[in-house]
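Participant: Structure of the sequence below:
(2 chains)
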Amino acid sequence: MTLRHVLKTTAISAALVSAGLMAGAVKAETLVIGYGGGQTGYLAPYDQPSLKGVQLAIDEINAAGGIGGNIPIELIVKDTRSDTAQAAVVAQELVDDGVDVMIVSCDVDPAVAAGVVAQAAEIPSVSSCASTPTLPAAVGPYMFSNYTADNLQATVLAGYARDQGYENAYVLLSRDTPYTEKLPEYFAEVFANLGGNVVAVGEYTMGQQDFSAEVTNIKGLDPQPDVIMTSAYEPDFPAFIKQLRAAGIETPVLGSDGIDSPTTFSLGDVSEGVVFSNAGFPSPGSALEAYEVAYEAKYGEPNDTIFSATGYDVIYVIAAAVEAAGSTDGPAIRDAWDNLENVEVATGTMTYKDQNRVPVRVVALNRVVNGEREHVGDFTPDPSMIPAP
Amino acid sequence: MRFVPPGTMMGSLLLAVPIAIFALIAWQTFGAALQGTVTHYLVITVAVLAFSIFTGNSGILSFGHAAFMGLAAHITGILTIPVAQKAVFLPDLPAWLAGFDMGFVGAAVIAIVIVTAVAFLIGVPIARLGGPSAAIATLGLLIIVYGVIVGARDFTRGSQALIGVPKMVDIPIALVFAVLAIVIARYFRDSLPGLELRAAREDEPAARAIGVNAPGRRLLAWTVSGAVAALAGVLLAHYLGVYSPKEFYFQITFAILVMLIVGGMTSVSGAVVGAIAVTVMIELLRNAEDRLNADYFGEPTVFGLTDIGLSLAILAILFWRREGLFGFWEIDELIATWRKKLSGSPAASTFQVRPIDGAGALAVDNVVKAFGGLRAVDGASLALRPGEIVGLIGPNGSGKTTLLGTISGALELTDGKVTLDGDDITELPAHRIARLRVGRTFQNIRLFTHLSVLDNVKVALAASGTRLPPLDMTTRSNALLAELGIGDYTDRRAGTLAYGLQRRLEIARALALEPRYLLLDEPAAGMNETESDELLRILGRLRTSRGLGLLVVDHDLRLIMRLCDRVVVLNKGQVIAEGAPGEVQANPDVIEAYLGKRRAATRTAPAS
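Facilitator: Numbers count the residues shown, from 1 in each chain, chains lettered A, B, ... in the order given. Below you'll find the model as predicted:
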């Protein structure tokens, strides 16, 4: 109690001193951002790095005097423990704390639960890495997406597949999560729209380990697929591709950002040539490379996931919206945000205008070569090709 | 609810009133965020009570109740999502569902009715299993129902979240149902079926021997708890407004089990207080974490304080109070015990015993019981008439206990038949035979150790089909205990009694069935001479006052010879002698069976 009391007193005196210093100037506005994410629990692998990126971006902006040089950002963070009911409570606490913008979890349920609370208070909210494209529509006009949506990734993957001249595709999906189910379905839709032929759709159960039935099925297909697409990830993706290659099937495999992990690069021959999508590639001279340098400088360790970069992005998107709005007023920020175009962020550029609050952004394609990541290219899909969520 | 003891209402009120007062103060004075926490606590209390109704009374850990919550949540969701939202998020819904939406109350009733029916059907096999296999079955249930909800894509959006469910549940609504759940849980626990189930939890064979239909009671508890779980699911659905199937899977199951472990698995008070304790702890740790990050580190640094705190709490509970904060007690029982220490014990009164018809007999005819190749009982026959005391003796392993088991229905016969007043009862299960007024005690004492001495007798009264107002049940139980000389121990847990008193309690419990025939398996085992004399006196009095027939198995030949009218001697599963004690004592076959051939030649009697 005493320690906390001392700390509190110190904080209050510090606040008084700074208030005194600013007394001469016009009272500056502050943008208060609330972050209610799953810092513990099943969302921690996404929300924790996300928070690190958020913190880094805020440090940079505040070092330059704030948004537009005069609106500093204050961050309030609360842990939802990856619990949906707690997410709603935390969102309400943040609203009560007077936040101007809210960042919510990377999973749909807690994001919606928190989003409706923010929506009711006319506070814009955004999920830094939830990829379900229906999320903003589920909440209402104050909810935004940030991350590469599943249908966006699928569109780029399908376009790439057709560009390679693949005619026949096999798609492997799992109904266990929206990500493993919908992303391959979007791919199949776009692939067919581009004149391709989806030979068969296979289904697996997450964690099933044994893919012999699916592999046998693929072997017996007529016509044989030119390409296999899946959004399976660990432990399913390694198990699947090992058994696929062991059966002598050399068909090219396309994956999504779920397999952007060290495991994929350590599989040796079986993963050689696998192409997968993600939110960005740190090519020399790119903003993402600069971000990785700044990240290591702040945290003393290299960044190991794209989710920190997309967390960093979200702050710059918010900053752009606040700057465009010229105010920290919720409705004004919302309207400006909805009209943002070509915002420069670490992973590329982002456009919200006419996208129903799900941004069009760059999707990077990567190829596994000799256990290393090779940049295939950055693609911004044609909005007309993106399937409806 | 005529058969519910008076403590039930007091016990419910002691839990419900403080919660209601707190919740109403919270509703009037708390901010929106804290109101959300209180509402969630009340909803979770309903869920914890659902688990507790089954797990607490049956002793079978359930992992499956979250499945009922999920099922109910999805049913109410589909019924209440507005038509416009359905068109967007559930485009594949059949037309008859897509075209309408309904209010909270109607949807809740439909969801609870459907889920209760489902719980009943699933409960039929699970209730028969019992024990750890039932717990595993509930785990399977959770996984299967989760799979079904995910698989019913057109109705549930598969693994995706249901969106647009009206958020209806606030503190007053949640409070009403939390209080209702407390009352349901407490009334069920104290009702006669609940008492019987708790007896079966303590010792199933003993419970069956006094007439408890354990699978039937489990099915009842399972169905009632399924209905309460459905209610919890509906409330959670309309509190969250958005949820996917994973909301009702392992995470919530374990969160609820943690509350039960902390509070105590076996009492309603434990369930309610466990939920309070865990919720309060999460709130305190969460705030401490926020303060720490904001005031001390300045930048978010420390996370997971709540998980660490909860884990430590569970470890502490398991280390110091393995039965949870409340153990096997209810809050009113604790208070009553404290007050009892100041006042005296209640006076016992007498009551009328059902008269016993002297005609008829309990008879076994050529009974065979084989365990694999071993014929433990091999063609034995004997008969017991009311008012008669028959001793059954024989060397170790001669089949006495097995024969008793076949008569009481605990063991299935290989051959032969058992008749009661000429009716064949060979195929009847133990609890049915008990209800035909055939009681028994066990060689190794089988009391319901965590129930009070009084409840041990009361449950037998209940199971025998005695239907009396609660006060009379207590009076009659007290009278039985007084008859056996243990009237001073009514509020003690049975397991804490001294050995000789436990034997007497077992007999009192058997007498609650008002048996015409009573089978006693080594009632004097482990007693000293004084205790055994006292037992002799009690048993003799039972015969004269009640006129029941006693079949006594014992090694204490002094007791047998003084007590019995007739003695049957069993050796290697066969009756080798039968007659008055004196005759049997002199029978050379008996002497040989007891002492062996060579020594038999030098001795004339086994003992005196």
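Participant: mind listing what's buried in the helix or strand encompassing residue B:285?
Facilitator: Secondary structure here is read from DSSP states H and E; on that basis residue B:285 sits in helix B:268-291. Of the residues in helix B:268-291, those scored as buried under the neighbour-count criterion (16 or more other CB atoms under 10 Å in any protein chain shown) are B:268-279, B:281-283, B:285-286, B:289-290. C-beta coordinates here come from the backbone N, C-alpha and C atoms, glycine included.
Participant: Write out the residues of the stretch 251-389 of chain A neighbouring chain B.
Facilitator: Taking CB under 8 Å from any CB of the partner chain as the contact definition, the stretch 251-389 of chain A does not meet chain B anywhere.
Participant: and residue 91, how many neighbours?
Facilitator: Picking chain A for this. Using other CB atoms under 10 Å in any protein chain shown as the criterion, residue A:91 is surrounded by 34 other residues.
Participant: wrong one, I was asking about chain B
Facilitator: In terms of burial, residue B:91 registers 10 neighbours under the definition other CB under 10 Å.
Participant: follow-up on the earlier one: filter the buried residues of helix B:268-291 to keep only those in contact with chain A.
Facilitator: Filtering the buried residues of helix B:268-291 for neighbours of chain A using CB under 8 Å from any CB leaves B:286, B:289-290.
Participant: Which residues are in contact with residue B:83?
Facilitator: With contact set as CB atoms under 8 Å, 6 or more residues apart in numbering or on different chains, residue B:83 has these partners: B:98-101.
Participant: Any buried residues in stretch A:129-149, and which?
Facilitator: Taking 16+ other CB under 10 Å as the neighbour-count basis, stretch A:129-149 is seen to contain the buried residues A:129-139, A:141-149.
Participant: just stretch A:374-386 next, same as before
Facilitator: In stretch A:374-386, residues buried by neighbour count (16+ other CB under 10 Å) are A:378-379, A:381, A:385-386.
Participant: Among those residues, name the ones in helices.
Facilitator: Secondary structure assignment (DSSP state H) places none of the buried residues of stretch A:374-386 within helices.
Participant: Need those residues in CSV (columns: pLDDT).
Facilitator: Formatted as CSV, the entries for the buried residues of stretch A:374-386 read as follows, by pLDDT from 0 to 100:
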residue, pLDDT
A:378, 91
A:379, 91
A:381, 87
A:385, 90
A:386, 90
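Participant: out of those residues, who's nearest residue A:111?
Facilitator: Using CB to CB, residue A:386 is the member of the buried residues of stretch A:374-386 that lies nearest residue A:111, at 20.5 Å.
Participant: does the closest residue to residue A:305 other than its chain neighbours belong to a helix or a strand, and which?
Facilitator: Closest residue to residue A:305 apart from its sequence neighbours, by CB to CB, 6 or more residues apart in numbering or on different chains: residue A:49 at 4.9 Å. With elements delineated by DSSP H and E, residue A:49 resides in helix A:44-63, which encompasses its position.
Participant: quick one: contacts of that helix?
Facilitator: When contacts are taken as CB under 8 Å, 6+ apart, the neighbours of helix A:44-63 outside the stretch itself are A:33, A:35, A:37-39, A:67, A:72-73, A:75, A:77, A:82, A:103, A:105-107, A:128-129, A:294-295, A:298-299, A:303-305, A:307-316, A:319, A:346, B:299-300, B:303.
Participant: quick check: mean pLDDT across the helix or strand residue A:368 falls within?
Facilitator: Using DSSP H and E, residue A:368 maps to strand A:363-369. The predicted model gives strand A:363-369 an average pLDDT of 94.
Participant: And stretch B:380-388, by the same measure?
Facilitator: Summarised as a single mean, pLDDT over stretch B:380-388 is 90.
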